[in-house]
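> Sequence below, structure please.
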Amino acid sequence: MNEKVYLVALHKIWIDHKKLFFIFEKKQNYKEFYENINTSILKQFGFKEQKIENIIKYKNDIKLEDLEKMIIDLDVKIITFFEEDFPDYLKNIFNIPFLIYLRWNITLPWIAFIGSRNITSYWKNVIELFIPEIWRYFSIISWWAYGCDSYSHEIALKNDIKTISVIWTWIDINYPVNNKKLYDEIIRLWWGVLSIFPFWEIWNPYNFPIRNEIVAGLSKWIFVVEAREKSWSLITVKLWLDLWKDIFTPPWDIFRQNSIWCNNLILASEAKMVLSPNDVLCEYNILNNLSSKKDLKFSDELEKNIYNVLLIESLNIDEIALKLNLDISSILLKITILELWNIIRKNNYWKYEII
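Coordinates of the predicted model:
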């Protein structure tokens, strides 16, 4: 049995992320710990008596074979903090998860689109304008709620744009249930669904701020779409401000409740006002780079795509392949050609960058 099945089981019997860090700080002996759980060992790690009773009771109800079968059937990746694949962005948040559950792929960098559940036609138009224009440089990340978040995923999928959903339940629970079709479509297209919650964890309001912090940590910047003065979106915005990340929002009608906070963010200089996708691209000097390289001629679309992803950040060959959803052999020749043409180069960290 795979060693990580024991880790998943430990998480399922309510040993949380902080305790997992404490227990496995020096040695990831998940199987050994799981099989030898007893009152004495748990007390050494600071568990209270009632918690110990519950852990031992839940452990007796766990069927490891069923757990392993579900992981395999759903093709769930379990990535721990100590592994190379663990997203670096998540290492900067206050409540760092010990492990993440992932279905399919994740790519960087991400932009978060968040906002009201009661989305208006105006803000739908905003999403429809921005997402198709910025996808070449950023993947779309959001959470699993009605309104703005779901609509952002829909527009991304409609335009064949990479998207990842961070959910506040176990990774195979479709909540809200009306989003099942959307969930299935993301999985079918090999994009990403991510969770940090244990197997069979159903939704509850306490999970909302935890999920929000994951979205804040993973994304490079945030686009706020329609938010009232009191909403879950504002929790995430405050997390972004604490992490010193960029926030963008368009202005709108000062008499609309759902625009009050977006307008106030601009007024307080906490968000950058944008009127078009170009305003975002200019912020990261993308348009300037494109303008200076406007005479470049590529022999095919793949060379152009490699160039475009390197406009955003320096990447090694594995990261370029992941970003383009291709294998390394498919891009190796093109990278060599771009190097010979003196368009890109490999830096001292073995990452490719635009010259």
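
> How is the residue lying closest to residue 15 once chain neighbours are set aside assigned, secondary-structure-wise?
Residue nearest to residue 15 in three dimensions, not counting chain neighbours: residue 55, with 6.8 Å by CB to CB, 6 or more residues apart in numbering. C-beta coordinates here come from the backbone N, C-alpha and C atoms, glycine included. Three-state assignment for residue 55 (DSSP: H, G, I helix; E, B strand; the rest coil): helix.

> now do residue 26
Residue 26 - assigned by three-state DSSP - is coil.

> Need the phi and psi values for it.
The phi/psi pair for residue 26 (degrees, to the nearest 10) reads phi -110, psi -30.

> Number of residues surrounding it?
6 (other CB atoms under 10 Å).

> Give me the pLDDT for it.
On pLDDT, residue 26 comes in at 79.

> list the contacts for the residue nearest to residue 15?
Applying CB atoms under 8 Å, 6 or more residues apart in numbering to residue 55 gives the contacts 13, 14, 15, 37, 42, 47.

> Can you tell me which of those residues end up in strands?
Judged by DSSP state E, those include no members of strands.

> Compare those residues and tell me which has the most neighbours.
Going by other CB under 10 Å, residue 15 tops the contacts of residue 55 with 26 neighbours.

> Give me the contacts around stretch 138-145.
Taking contacts as CB under 8 Å, 6+ apart, the residues outside stretch 138-145 that touch it are 107-114, 117, 131, 148-150, 152-153, 156, 161-168, 175-176, 179, 183, 211-212, 215, 218-220, 232, 312.

> Just the buried subset of these, please.
Taking 16 or more other CB atoms under 10 Å as the criterion, what is buried in the contacts of stretch 138-145 is 107-114, 117, 131, 148-150, 152-153, 156, 161-168, 175, 179, 183, 211-212, 215, 218-220, 232, 312.

> just checking, which of those belong to strands?
Per DSSP E, the subset of the buried ones among the contacts of stretch 138-145 in strands is 110, 111, 112, 113, 114, 163, 164, 165, 166.

> name the element residue 11 belongs to?
Mapping residue 11 onto the secondary structure by DSSP states H and E places it in helix 3-12.

> Contacts for that helix next, please.
Taking CB under 8 Å, 6+ apart as the rule, helix 3-12 contacts 20, 28, 30-31, 33-35, 58-59, 62, 64, 67-68, 71, 78, 80, 99, 198-200.

> And for stretch 269-279?
Here stretch 269-279 makes contact (CB under 8 Å, 6+ apart) with 129-130, 133-134, 224, 237, 241, 246-251, 262, 265-266, 280, 283, 287.

> for stretch 119-135, same thing?
111, 113, 115-116, 140, 147-148, 151-152, 155-156, 159, 161-162, 223, 225-226, 250, 252-253, 256, 258, 276-278, 280-281.

> and with 7 Å instead?
Residues from elsewhere that reach stretch 119-135 (CB atoms under 7 Å, 6 or more residues apart in numbering): 111, 113, 115, 140, 147-148, 151-152, 155-156, 159, 161, 223, 225-226, 250, 252, 258, 277, 280-281.

> Just the CA atoms from that stretch would do, formatted as CSV, please.
C-alpha atoms of stretch 119-135 as CSV (Å, rounded to 0.1, in the frame of the first residue of the first chain):
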residue,chain,number,x,y,z
ILE,A,119,-23.4,38.8,-10.3
THR,A,120,-24.9,41.4,-12.6
SER,A,121,-24.7,41.6,-16.4
TYR,A,122,-22.2,44.5,-16.1
TRP,A,123,-19.7,42.4,-14.2
LYS,A,124,-20.3,39.4,-16.5
ASN,A,125,-19.3,41.7,-19.3
VAL,A,126,-16.2,42.6,-17.4
ILE,A,127,-15.2,39.0,-16.9
GLU,A,128,-15.9,38.3,-20.6
LEU,A,129,-13.6,41.2,-21.5
PHE,A,130,-10.6,40.5,-19.3
ILE,A,131,-10.2,36.7,-19.1
PRO,A,132,-9.8,36.1,-22.8
GLU,A,133,-7.2,38.8,-23.1
ILE,A,134,-4.9,37.9,-20.2
TRP,A,135,-4.9,34.1,-20.4
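
> can you give me the strands in the stretch 251-355 of the chain?
Taking DSSP state E, counting those that start in this stretch, the strands of the stretch 251-355 of the chain run over residues 272-273, 344-346, 352-354.
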